[in-house]
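K.L.:
A predicted structure for the sequence below; I have some questions about it.
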Amino acid sequence: MAGGRRQAPPREDVLAAAMEMIAERGLEKLTMAALGREVGMSSGHLLYYFGSKDELLLRTLEWSEGRLGAERGRLLTRTASALERLDAYVDLYVPDGHRDPHWTLWLEVWNRSQNADADARERQAAIEGAWHRDLVALLAEGISRGEFRRVDPDRFAARLRALLDGFSIHVAIGLRGTDRAQILRHVREFLADSLLADA
């Protein structure tokens, strides 16, 4: 209706715009004012919806992880060997390269979590937990099929994810001498040495 109040965009559109801004301009350019201009809202309106930039970042991460979780689910339920699906899991986990927007966001949320409240920490743990549970289930399946050695799936998953996190940070921040292809080779060598069943 003419002269009526303009509708705010759906929250998912705001989160998608935030992720796109991180990808195109970097996290330092993502301010409430800049995001508001992008989606046609005032920074005050955004603060009303999200409460703080910390909450906006965590919600954006949850939205992004929801999309990655769906992709991970498709990869892990396809018809393939456990090793092929583990390779797909690793491929999805490791950043695409320096300043990968998803990993840029993760690093910022991790940094801010030092002062986060219990609710924010629980939500972050839930994201981490989904990756962990999927990996544990895949490892257990590979062990039961005889593709993988008889390791403790939960302990091995914790160690593998720590390795992936460390390498992924190197890729995401553009540490000299590390790139995605090199990291994937390291991880595959580690898995061959520590997990694959002897022929």
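P.N.:
Thanks, I have it.
K.L.:
Pull the number of nearby residues for His45.
P.N.:
15 (other CB atoms under 10 Å). The way it works is simple: take the backbone N, C-alpha and C, and place the C-beta from them, glycine included.
K.L.:
let me redo that: Glu189
P.N.:
The burial count for Glu189: 10, using other CB under 10 Å.
K.L.:
Ramachandran coordinates for it?
P.N.:
phi -60, psi -40 (degrees, to the nearest 10).
K.L.:
now do Leu196
P.N.:
Residue torsions, per degrees, to the nearest 10, at Leu196 are phi -70, psi 140.
K.L.:
which is the next helix or strand following the host helix or strand of Trp110?
P.N.:
Per DSSP states H and E: Trp110 is located in helix 101-112. Sequence-wise, the next helix or strand downstream of helix 101-112 (DSSP H and E) is helix 118-144.
K.L.:
Buried residues, whatever helix or strand comes next after that next one. List them.
P.N.:
Using DSSP H and E, the helix or strand that follows helix 118-144 towards the C-terminus is helix 153-173. By neighbour count on 16 or more other CB atoms under 10 Å, the buried set for helix 153-173 is 153, 156-157, 160-161, 163-165, 167-172.
K.L.:
Kindly report the same for stretch 71-80.
P.N.:
So stretch 71-80, judged by 16+ other CB under 10 Å, has buried residues 72, 75-76.
K.L.:
what is the mean pLDDT for that stretch?
P.N.:
On average, the pLDDT along stretch 71-80 is 95.
K.L.:
What residues of stretch 56-68 count as buried?
P.N.:
Buried residues in stretch 56-68, defined by neighbour count with 16+ other CB under 10 Å: 56-65, 68.
K.L.:
could I have stretch 101-121 exported to PDB, CA atoms only?
P.N.:
Provided in PDB are the C-alpha atoms of stretch 101-121 (Å, rounded to 0.1, in the frame of the first residue of the first chain):
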ATOM      1  CA  PRO A 101      34.500 -16.600   3.800                       C
ATOM      2  CA  HIS A 102      33.200 -19.600   5.800                       C
ATOM      3  CA  TRP A 103      36.500 -20.000   7.600                       C
ATOM      4  CA  THR A 104      37.000 -16.300   8.000                       C
ATOM      5  CA  LEU A 105      33.700 -16.200   9.800                       C
ATOM      6  CA  TRP A 106      34.600 -19.300  11.900                       C
ATOM      7  CA  LEU A 107      37.900 -17.700  13.000                       C
ATOM      8  CA  GLU A 108      36.000 -14.500  14.100                       C
ATOM      9  CA  VAL A 109      33.400 -16.400  16.000                       C
ATOM     10  CA  TRP A 110      36.100 -18.500  17.800                       C
ATOM     11  CA  ASN A 111      37.900 -15.300  18.700                       C
ATOM     12  CA  ARG A 112      34.800 -13.600  20.000                       C
ATOM     13  CA  SER A 113      33.800 -16.700  21.900                       C
ATOM     14  CA  GLN A 114      36.300 -15.900  24.600                       C
ATOM     15  CA  ASN A 115      33.800 -13.400  26.000                       C
ATOM     16  CA  ALA A 116      30.600 -15.200  24.800                       C
ATOM     17  CA  ASP A 117      27.800 -16.200  27.100                       C
ATOM     18  CA  ALA A 118      26.800 -19.800  27.800                       C
ATOM     19  CA  ASP A 119      24.100 -19.800  25.100                       C
ATOM     20  CA  ALA A 120      26.500 -18.700  22.400                       C
ATOM     21  CA  ARG A 121      29.000 -21.300  23.500                       C
END
